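1. model this:
(chains A and B)
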Amino acid sequence: MNMTTIHHLTNLAGLSYLDGGSGSLMIQVLIASSVTAIYTAKTKWSMMVAAVSKFTNRNSNNLTK
Amino acid sequence: MIGTGLSPASFRDPSGFVFEKDGEIYRQINLGFHSDIQLLVQSGLQAELEDLGLVVKFEEVDLSFAASSKAAVVIRQERIRVISYPFEWCFSQLKDAALLTLDLAKRAIDKGLVLKDASAYNVQFQNGKPIFIDTLSFEAYVPGQPWVAYKQFCQHFLAPLALMAHVDIRLGAFLQSNLDGIPLDLAARLLPMNTKFSPGLMAHLHLHAKAQNHQGSTGATKAVNLSKTGLLAIIDSLSSTISNLQWKPSGTEWGDYYNDTNYSEDSFSKKGQLVQSLLQSLPDSVKSCCDLGANNGEFSQIAVNQGLQTIALDIDPAAIEKCYQEASNKGEKALLPLLQDLRNPTPFYGWASRERDGISHRIASDVVLALALIHHLAIGNNVPLGMVAEYFATLGQYLIIEFVPKEDSQIQRMLVAREDIFDAYHQPGFEESFSKYFDVVRTEPIEGTLRTLYLMKRKAS
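-> Below you'll find the model as predicted:
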């Protein structure tokens, strides 16, 4: 067990006053494995849309000057 | 150290607690836990959330305000005018509170913090919007750590919302008997099979419930490591799942009440004008109003228009849903709609029956509206008029109440299938019962009906 893992367990068991539930903590890893790709794609798509929108706005502003 | 009124609801988290002094709300942060609040401020997260109106504002005060010797920091927090509880919210209120919690969780991670709990009791409604009140819910994010509040979020928000949307809107009331949210195995058992085809509900509710059972039986705690992107993806997925849950009011008992009365349009309008006139006659010291049996808040809106902070209470989830949605769409800040069964008002409950306050303790206002309500209590629920008067006198100094006589078609309909055992239900009996607790200031018959409006003032005790 490396130091990072020890720290995680200490933190979860010692400092958090809430019982996160071991099953609830583990299922997050499983769920994350299936939703991370979608989330990453969504994030990248949003960034791309924002960049395109910024670019087109700049061009239209230039045309109206 | 000063004399304090420690909040009986603030004892679970050892990092600090809430107390009240001279009408102000303070929060003590105990020694060993102040680094989290420092990070909350220094990261800029608190300022960002305050600017967006998502969290209560606070300011640090001198340590002499501390309630115990363990204090590292003491803060004074913005006061919430009316405290309400999750089972008193309509579907959209609970949904908005859930989305606020997830928004905060995401913003916190972006600033190097995490929400360490996700209780629905950490959200209140102020100025028509949900606002997060627990400053101590933020702590430093530890890379690789899963979300410790995930289970609590699902129990407090996802499970009740899914049950309300897919099974029955009244199941939101489960939150009253389950202080830490609805157990996921119970929710999974009650939800229809088709919810397993929703990827979000399948993952966060059905699979989650199974994982809890499995781990609960072995009791094993295993090291888990979840990347920051994975954590953000889970929060995003929860957000989509919650956003996709919908409920539209239809076919309930009260939602269409105003379309199903014996008022003509003209009488209804006259009644509104009378209520407005009675409210206008009140002294300037009257600032707050509680509308009992408010339906969709049509008359509450008259009180709001008079500049009164108004609570609209009704038993019907559809009526409160409509009231909240309309108020939200208008950006109405002074109206708080809440679900409440006056025949069985929210009692004091939680640990030692003191953790959470009863509704009567929270809604006391300067003026109480009780329009088209008395017959539902006295005839629909067999409460003697004197007991109704006694209870109403605990809620406000002024009372605007509508007396509905037995000849009214609404009451005739109520008596169709039952014996009329209400010999004492008549206007003189009503006046006699209420005169024990109130002085009648003004009486106004409602044109085109058999009903009468009264403005009363509570007798000095």
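
2. okay, now residue B:308: neighbour count?
-> Residues within reach of residue B:308, counting by other C-beta atoms under 10 Å in any protein chain shown, total 24. The way it works is simple: take the backbone N, C-alpha and C, and place the C-beta from them, glycine included.

3. so it touches residue B:279, yeah?
-> Yes. Using C-beta atoms under 8 Å, residue B:308 is in contact with residue B:279, at 7.3 Å.

4. quick check: which ranges of the chain have low pLDDT?
-> All of this refers to chain A. In the predicted model of chain A, residues A:1-16, A:62-65 satisfy pLDDT under 70.

5. my bad, chain B
-> B:1-5, B:214-222, B:251-262.

6. state the distance from residue B:123 to residue B:137.
-> Here residue B:123 is placed at a distance of 11 Å from residue B:137 (C-beta to C-beta, to the nearest Å).

7. residue B:186 now?
-> If you go by C-beta to C-beta, the gap between residue B:186 and residue B:137 works out to 26 Å.

8. between those two, who's got more neighbours?
-> residue B:137 (25 against 15).

9. show me what contacts residue B:353?
-> Residue B:353 makes contact with residue B:347, according to C-beta atoms under 8 Å, 6 or more residues apart in numbering or on different chains.

10. before we move on, what about the one 5 residues further on?
-> Contacts of residue B:358 were listed using C-beta under 8 Å, 6+ apart, and they are B:345-349.

11. in chain A, which spans are helices?
-> A:3-10, A:22-64 (DSSP state H).

12. mind checking which of these is nearest chain B?
-> helix A:22-64 (3.2 Å; C-beta to the nearest C-beta).

13. quick one: contacts of stretch B:270-288?
-> B:263, B:289, B:298-299, B:302-303, B:305-311, B:365-367, B:369, B:371, B:397-398, B:400, B:402, B:441-442, B:444, B:446-449, B:451, B:453, B:455.

14. list the contacts of residue B:162.
-> B:187, B:191, B:195, B:201, B:205, B:245.

15. so which strand or helix has it?
-> helix B:159-166 (DSSP states H and E).

16. residues of that helix that come out buried?
-> Under the neighbour-count criterion of 16 or more other C-beta atoms under 10 Å in any protein chain shown, helix B:159-166 has B:159-166 buried.

17. and if you look at stretch B:425-434?
-> For stretch B:425-434, by 16+ other C-beta under 10 Å, it's B:425, B:429-431, B:433-434.

18. next, check these against the helices and list the overlap.
-> Per DSSP H, the buried residues of stretch B:425-434 map to helices at B:429-431, B:433-434.

19. any idea which residue sits dead centre in chain B?
-> residue B:84 (3.4 Å; C-alpha atoms, centre = their mean).

20. quick one: residues contacting that residue.
-> B:124-125, B:336, B:338, B:362.

21. between these, which sits nearest chain A?
-> residue B:124 (19.9 Å).

22. hang on, the earlier thing: quick one: the helices of chain A as TSV, columns for mean neighbour count too.
-> Output for those, formatted as TSV (neighbours: other C-beta atoms under 10 Å in any protein chain shown):
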stretch	mean neighbour count
helix A:3-10	14
helix A:22-64	14
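
23. could you export the ones in helices among the buried residues of stretch B:425-434 as a markdown table, including distance to residue B:212?
-> Listed next are those as a markdown table, based on distance: C-beta to C-beta, whole Å:
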| residue | distance to residue B:212 |
| --- | --- |
| B:429 | 57 |
| B:430 | 54 |
| B:431 | 58 |
| B:433 | 53 |
| B:434 | 53 |
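
24. and chain A, which of these contact it?
-> Of the residues in those, proximity to chain A by C-beta under 8 Å from any C-beta of the partner chain holds for none.

25. and the two most separated of those residues?
-> B:429 and B:434 (9.7 Å; C-beta to C-beta).

26. overlap in contacts, those two.
-> residue B:385.

27. surely residue B:242 meets residue B:159?
-> No. At 11.3 Å, residue B:242 does not count as touching residue B:159 under the criterion of C-beta under 8 Å.

28. please enumerate residues in contact with the helix or strand containing residue B:232?
-> Using DSSP H and E, residue B:232 falls within helix B:228-244. Contact with helix B:228-244 is made by A:28-29, A:31-33, A:35-36, A:38-40, A:42, B:95, B:98-99, B:102-103, B:105-106, B:109, B:141, B:143, B:146-147, B:150, B:153-154, B:157-158, B:161, B:198, B:200-201, B:203-204, B:226, as judged by C-beta under 8 Å, 6+ apart.

29. next helix or strand past it?
-> helix B:265-280.

30. distance from that following helix to the middle of the chain?
-> The chain centroid and the centroid of helix B:265-280 are separated by 28 Å, computed with C-alpha atoms, centre = their mean, to the nearest Å.

31. may I see the buried residues of that helix?
-> Buried-residue list, helix B:265-280, by 16+ other C-beta under 10 Å: B:267, B:270-271, B:274-275, B:278-279.

32. which of those residues lies closest to residue B:56?
-> residue B:279 (30.1 Å).

33. from residue B:138, how far out is that closest one?
-> Residue B:279 is 42 Å from residue B:138, by C-beta to C-beta.

34. likewise for residue B:235?
-> With C-beta to C-beta as the criterion, residue B:235 and residue B:138 are 15 Å apart.

35. with neighbour numbers in mind, choose between these two.
-> Taking other C-beta under 10 Å, residue B:235 and residue B:138 do not tie; residue B:138 has more neighbours (26 against 23).

36. before we move on, back to that, TSV for the buried residues of helix B:265-280, including distance to residue B:213?
-> Output for these, formatted as TSV (distance: C-beta to C-beta, whole Å):
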residue	distance to residue B:213
B:267	58
B:270	60
B:271	55
B:274	59
B:275	54
B:278	58
B:279	55
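
37. how far away is residue B:229 from residue B:109?
-> 10 Å.

38. do the same with residue B:373
-> 47 Å.

39. what's the answer for residue A:39, then?
-> 13 Å.

40. ok, now residue B:43?
-> Residue B:43 is 11 Å from residue B:109, by C-beta to C-beta.

41. equivalent analysis for residue B:358, please.
-> On the measure of C-beta to C-beta, residue B:358 and residue B:109 end up 37 Å apart.

42. please flag which of the contacts of stretch B:270-288 sit within helices.
-> Those of these lying in helices (DSSP H): B:298-299, B:302-303, B:305.

43. now restrict those residues to buried residues only.
-> Buried members of the ones in helices among the contacts of stretch B:270-288, scored by 16+ other C-beta under 10 Å, are B:298-299, B:302-303.

44. in TSV: the residues you listed, plus distance to chain A.
-> What follows is those, written out as TSV (distance: C-beta to the nearest C-beta, whole Å):
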residue	distance to chain A
B:298	41
B:299	42
B:302	44
B:303	40
